[in-house]
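> this is a predicted model, with the sequence first.
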Amino acid sequence: MTNDFDKECNPGSSRLTANLFAEVPVALPEEWIETLLDGPNVRIERIVSTGHTSPSGFWYDQTESEWVVVLRGEATLEFEDETRILKPGDYVFIPPHRKHRVQSTSTAEPTVWLAVFFGNKASTATSTAIASNVNV
């Protein structure tokens, strides 16, 4: 049975329950992002990385807040002022416009992330990238 919240957050989706570790791809040409919930003020994504990194000179500069946890694997996030290694269970809160990038993810096993975006129209893709060497 679905309710109005389910319909509003995931229109057309019949997948209201699932397992975060089910159907995890092992080898991917690029990072895999699956939106689990997309509501008026929140977006939740399951992200799978298999050795993926942000391109050189690429920085996320998001208008929304992000709370992200590594569920499996390992990742290194680089900020302008620090670097953080995240292992299973480690999480980080990233406020709006705190520039960050993925420095590395595990190549030994898929890295499974759960990312929660909220505030400032989190239900739409509002992330922007800043590249240091962009030719216009």
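Cool, got the structure. Numbers count the residues shown, from 1 in each chain.

> C-alpha from now on. contacts and neighbour counts both.
Fine.

> quick check: bridge partners of the closest residue to residue 54 other than its chain neighbours?
Leaving out its chain neighbours, the residue that sits closest to residue 54 by Cα to Cα, 6 or more residues apart in numbering is residue 102, at 5.1 Å. On the basis of DSSP bridges, residue 102 is bridged to residue 77.

> which parts of this protein are helices?
Taking DSSP state H as the test, the helices found in the chain are 4-9.

> which helix or strand in it has the lowest average pLDDT?
Sorting the helices and strands of the chain by mean pLDDT, DSSP states H and E puts strand 128-131 at the bottom, at a mean of 37.

> related to what we said a few turns ago, got the contact list for the residue nearest to residue 54?
The neighbours of residue 102, taking Cα atoms under 8 Å, 6 or more residues apart in numbering as the test, are 52, 53, 54, 75, 76, 77, 78.

> wait, isn't the fourth one in contact with residue 87?
Pointing back at residue 75 there. Yes. The pair formed by residue 75 and residue 87 meets the contact definition of Cα atoms under 8 Å, at 6.7 Å.

> neighbour-wise, which of these two wins?
Applying other Cα atoms under 10 Å to residue 75 and residue 87 shows that residue 75 carries more neighbours, namely 26 against 17.

> how deep is the residue lying closest to the more buried one once chain neighbours are set aside tucked in, by neighbour count?
What sits nearest to residue 75 in space, not counting adjacent residues and going by Cα to Cα, 6+ apart, is residue 105, at 4.2 Å. Residues lying near residue 105 (other Cα under 10 Å) number 24.

> wait, doesn't residue 105 sit right on residue 74?
Yes. The pair residue 105 / residue 74 is scored as a contact, 5.7 Å apart, by Cα under 8 Å.

> spit out the residues that contact these two alike.
When contacts are counted by Cα under 8 Å, 6+ apart, the set common to residue 105 and residue 74 consists of residue 111.

> for the most centrally placed residue in the chain, what are its contacts?
The residue lying closest to the centre of the chain (Cα atoms, centre = their mean) is residue 115, at 4.4 Å. Applying Cα under 8 Å, 6+ apart, we find residue 115 in contact with 44, 45, 46, 47, 66, 67, 68, 69.
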